[in-house]
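Undergrad: Just the structure for this:
(2 chains)
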2 protein chains.
Amino acid sequence: MKPINVGLLGIGTVGGGTFTVLKRNAEEIARRAGRPIQITVVADKNLELAKAVTAGACRLTDDAFSVVSDPEIDIVVELIGGCGIAKELALKAIENGKHVVTANKALLASHGNEIFAAAQKKGVMVAFEAAVAGGIPIIKALREGLTANRIEWIAGIINGTTNFILSEMRDKGLSFATVLQEAQRLGYAEADPTFDVEGVDAAHKLSIMSAIAFGNSMNFDKAHIEGISQLEAADIKYAEQLGYRIKLLGITKRTPEGVELRVHPTLIPAKRLIANVEGAMNAVLVKGDAVGATLYYGKGAGAEPTASSVIADLVDVTRMHTADPGQRVPHLAFQPNAMVDLKILPLSEVITSYYLRLRVEDKPGVLADITRILADQQISIDAMIQREPVEGEEQTDIIILTHQTREMNIDAAIVKIEALTAVKGKLTRLRLEELL
Amino acid sequence: MKPINVGLLGIGTVGGGTFTVLKRNAEEIARRAGRPIQITVVADKNLELAKAVTAGACRLTDDAFSVVSDPEIDIVVELIGGCGIAKELALKAIENGKHVVTANKALLASHGNEIFAAAQKKGVMVAFEAAVAGGIPIIKALREGLTANRIEWIAGIINGTTNFILSEMRDKGLSFATVLQEAQRLGYAEADPTFDVEGVDAAHKLSIMSAIAFGNSMNFDKAHIEGISQLEAADIKYAEQLGYRIKLLGITKRTPEGVELRVHPTLIPAKRLIANVEGAMNAVLVKGDAVGATLYYGKGAGAEPTASSVIADLVDVTRMHTADPGQRVPHLAFQPNAMVDLKILPLSEVITSYYLRLRVEDKPGVLADITRILADQQISIDAMIQREPVEGEEQTDIIILTHQTREMNIDAAIVKIEALTAVKGKLTRLRLEELL
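TA: The predicted model follows:
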């Protein structure tokens, strides 16, 4: 059968991986897809690199716009990244009636509503399995595997860099800054790690999953985003003593009042499977009303794992290429005319549990003042550690785990606790999820 | 849009769950599927039960054959189980041009080749997500999510009953027989638990996954099947001392000589995520050449988890209902004309590592004799425990972990070791997998 013609935009890490895997497994992929999938043209500013990777196997160009208007091309794979030229190219490809496969989470989280509307209008597919959790087929699981369920919540370790850093901090008792340097040396973190360590990358992925789970529009701009750069090794140690691990989680939850959409360091009971996901691995826990909790685990980044998802999309698109659009899986899991506009809850209305660490003068009555303030805000205490002060020191740490309460209550309590004269400096507050 | 009409055969646990979830989430499912999915008729021998569950919401009959020939019905859901009447009904439904959704692993493992061929000929779909690992969308992951990959191996905890029993044996140090009784009392094990505890159920599921992974035909009859009824609490304890957990794994692996297809108790390093899957939960680890290892975890049985998969299939079939068969995902992942016939390796040719436990007289030279026998068979030792004999006893246990070797070599060594006069009774042999 006639091959399907793919135009590949960007031959960097993921583009190179896609080229390599598609070539290596060409025969097996064709046996699955029903026809060969071939990269016909590669566009990259760096023609030398493109030449080296492709070794004469296909046409090369440094003009990506020529690819999205090339009549020979059936599917455009956008692996340039970012929201600039990538957006223009994706929209142009759609306008020209081409299907688009992309790994670009930033683009979809910020401009997904516009892009999917354009694709819908043109009757083409935009596939994006590679945009979330690398090689893990989590988009497919959410969008197709769990269609019977009312999804209640999703909690995911969806950024490998931060999970690597947290694993190392715990294992070796090192500070964030020290481990970040190591991660940069090993290639697990970028030279400018902001997007990863401050939680932005995780929030992009979370926004996409949230939309699919609840049939809601994309709401990245309303996500609460908190990274791990402020996390201290002491908190990881105290959490461990209390039976918890700290992970950077992306959490989205449907509540009667609205949808929670938040990325922050989170204490999780150490016995949960997801608490034991170490190093640069990703895992997503999905709670459905029928299926209960299911977990999906694998490599969340890297050339070939991400290529695995890009190519899975290529096979899907190849199969559905000429189909009536009504038969295809909707971009955001729900039919376009059945999307809703659920409110994203402000963080102050979120209900969760808390870990509080504060430094206090070691004198009588301090604990009574603190517990009184918590009680006044209707916050009950689940566990507490009061560290014996080190010989010669007059200050010590108090660590408190609370039961569930509303964020605005804890905010109010924190203001009052920090105002106590026996309390030194700022209080450290982390959120805690049982994930059951 | 016009609803799709489903005929449900069997309103037992899974049938009841399917009815309940489809009703509870009707609106959300229709928003995903693009049209309502309604159960139009239920067939069950027990009309009283059917009446109680459906509460007048649909037609009832005790004649399942009337459903598979009912012109109003678009999709038949077969939840009767077994290979008798269920097979007749499935084939009849296909013959009448109806799509079939089934949770029947025994039927597909034993007669899948015939059933899929019939469906192919008629241009209808047979969907079976619920047949493997309950609510975990593992068929979809293998068949669609990982299409880029050459699958190297699959290792799964795919029987909840046995995993529950093993978890309890380890936690409480109890014998198989004691825990089995408890499992039966709690409803985790059937009155006749043979299919579960002897590994047959796991082998059914494994055979289905193996066919999909490698594009091979169904080969249940060639699987090596070993259950957990012979497992002793002592082995679980010794394994733990050596850093391993014992799980009943279904393993299928592609080797240059052929495909391994085996179910047996297996030692796994305790630090692996899958080693920490406890109770009645299921998990499947899939190794692909591009994506690396991915893991899928969730409830492997129960009314609503299994219904979750049945309904996901209903949504898939509803979407692809009128599509050109060429656009549908092939039943066994590979196009029917691209299936191969890979040889299933006899167990004697399988290469793995081993745990050996033997009872010996506590006297000099015994260990030397044993290690000599292993060396003569080219088997090298990875770790060993020699237990100090209990005061007053003249016998003790020796536990040996070997490096990888071929099963025929260990067989030969075992015969010779058991022939030593200092060795008492039969040697216990378990297989060990690193799963990396």
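Undergrad: For stretch A:389-405, what does the pLDDT average out to?
TA: Averaging pLDDT along stretch A:389-405 gives 91.
Undergrad: what secondary structure does A:Ala109 sit in?
TA: Recorded secondary structure, A:Ala109: helix (DSSP: H, G, I helix; E, B strand; the rest coil).
Undergrad: and it, what does it touch?
TA: For A:Ala109, the contacting residues are A:Ala203, A:His204, A:Lys205, A:Ser207, A:Ile208, A:Met218, A:Phe220, by CB atoms under 8 Å, 6 or more residues apart in numbering or on different chains. All C-beta spots, glycine's among them, are computed from the backbone N, C-alpha and C.
Undergrad: for A:Val100, same thing?
TA: Listed by CB under 8 Å, 6+ apart, the contact partners of A:Val100 are A:Ile75, A:Val76, A:Val77, A:Glu78, A:Ala90, A:Ala93, A:Ile94, A:Ala119, A:Val124, A:Met125, A:Val126, A:Ala127.
Undergrad: Run through the bridge partners of the first one.
TA: When you say that, I think you mean A:Ile75. Here A:Ile75 sits in beta bridges with A:Val6, A:His99, going by DSSP bridges.
Undergrad: That one is in contact with A:Gly7, isn't it?
TA: Yes - at 7.3 Å, A:Ile75 counts as touching A:Gly7 under the criterion of CB atoms under 8 Å.
Undergrad: higher neighbour count, those two?
TA: The neighbour comparison of A:Ile75 against A:Gly7 (other CB atoms under 10 Å in any protein chain shown) goes to A:Gly7, with 28 against 25.
Undergrad: isn't the more buried one right next to A:Val68, touching?
TA: Yes - between A:Gly7 and A:Val68 there is a contact at 7.2 Å, judged by CB under 8 Å.
Undergrad: what residues do the two have in common as contacts?
TA: A:Val76, A:Lys98.
Undergrad: count of neighbours near the closest residue to A:Asn149 other than its chain neighbours?
TA: Spatial nearest neighbour of A:Asn149, chain neighbours left out: A:Gly288 (3.0 Å); criterion: CB to CB, 6 or more residues apart in numbering or on different chains. Using other CB under 10 Å, A:Gly288 has 27 other residues around it.
Undergrad: ranges for the strands of the stretch 101-250 of chain A?
TA: With DSSP state E, counting those that start in this stretch as the criterion, the stretch 101-250 of chain A has strands at A:126-127, A:151-157, A:224-225, A:244-255.
Undergrad: quick check, the second one touching chain B?
TA: No - applying CB under 8 Å from any CB of the partner chain, one finds strand A:151-157 separated from chain B by no less than 9.0 Å.
Undergrad: how far off strand A:244-255 does that strand point, in degrees?
TA: Orientation check (axes from the mean of the first three to the mean of the last three CA atoms, to 10 degrees): strand A:151-157 against strand A:244-255 gives 150 degrees.
Undergrad: partners of strand A:151-157, with directions?
TA: Here, using DSSP bridges, strand A:151-157 pairs with strand A:244-255 (antiparallel), strand A:281-288 (antiparallel).
Undergrad: Show me how far the shortest one is from its chain's centre.
TA: Just to be clear, that refers to strand A:281-288. Distance, stretch centre to chain centre, for strand A:281-288: 10 Å (CA atoms, centre = their mean, to the nearest Å).
Undergrad: now swap in stretch A:239-249 and tell me
TA: Distance, centroid of stretch A:239-249 to centroid of chain: 19 Å (CA atoms, centre = their mean).
Undergrad: Run through who's touching that stretch.
TA: Counting by CB under 8 Å, 6+ apart, A:155-157, A:159, A:162-163, A:166, A:170, A:199, A:202, A:227-228, A:231, A:235-236, A:263-271, A:274-277, A:355, A:383, A:385, A:399, A:401, A:430, A:432-433 sit against stretch A:239-249.
Undergrad: ok, of the contacts of A:Val100, which one's closest to A:Thr61?
TA: Distance to A:Thr61, by CB to CB, is smallest for A:Val76 among the contacts of A:Val100, at 12.9 Å.
Undergrad: where's the spatially closest residue to the closest one that is not a sequence neighbour, which helix or strand?
TA: Excluding its sequence neighbours, the residue lying closest to A:Val76 (CB to CB, 6+ apart) is A:Ala93, at 4.2 Å. Secondary structure assigned from DSSP states H and E places A:Ala93 in helix A:85-95.
Undergrad: By neighbour count, which bits of that helix are buried? Give me those.
TA: The neighbour-count check on helix A:85-95 (16 or more other CB atoms under 10 Å in any protein chain shown) flags A:Ala86, A:Lys87, A:Leu89, A:Ala90, A:Leu91, A:Lys92, A:Ala93, A:Ile94 as buried.
Undergrad: residues touching the fourth one, list them.
TA: A:Ala90 makes contact with A:Val76, A:Glu78, A:Val100, A:Thr102, A:Asn104, A:Leu107, A:Ile115, A:Val126 under the criterion CB under 8 Å, 6+ apart.
Undergrad: again, 6 Å this time
TA: A:Glu78, A:Val100, A:Ile115 (CB atoms under 6 Å, 6 or more residues apart in numbering or on different chains).
Undergrad: Closest to B:Leu374 out of the residues you listed?
TA: Using CB to CB, the contacts of A:Ala90 come closest to B:Leu374 at A:Glu78, 56.7 Å.
Undergrad: Next step: the contacts of stretch A:239-249 restricted to helices.
TA: A:Thr162, A:Asn163, A:Leu166, A:Arg170, A:Ala202, A:Asp235, A:Ile236 (DSSP state H).
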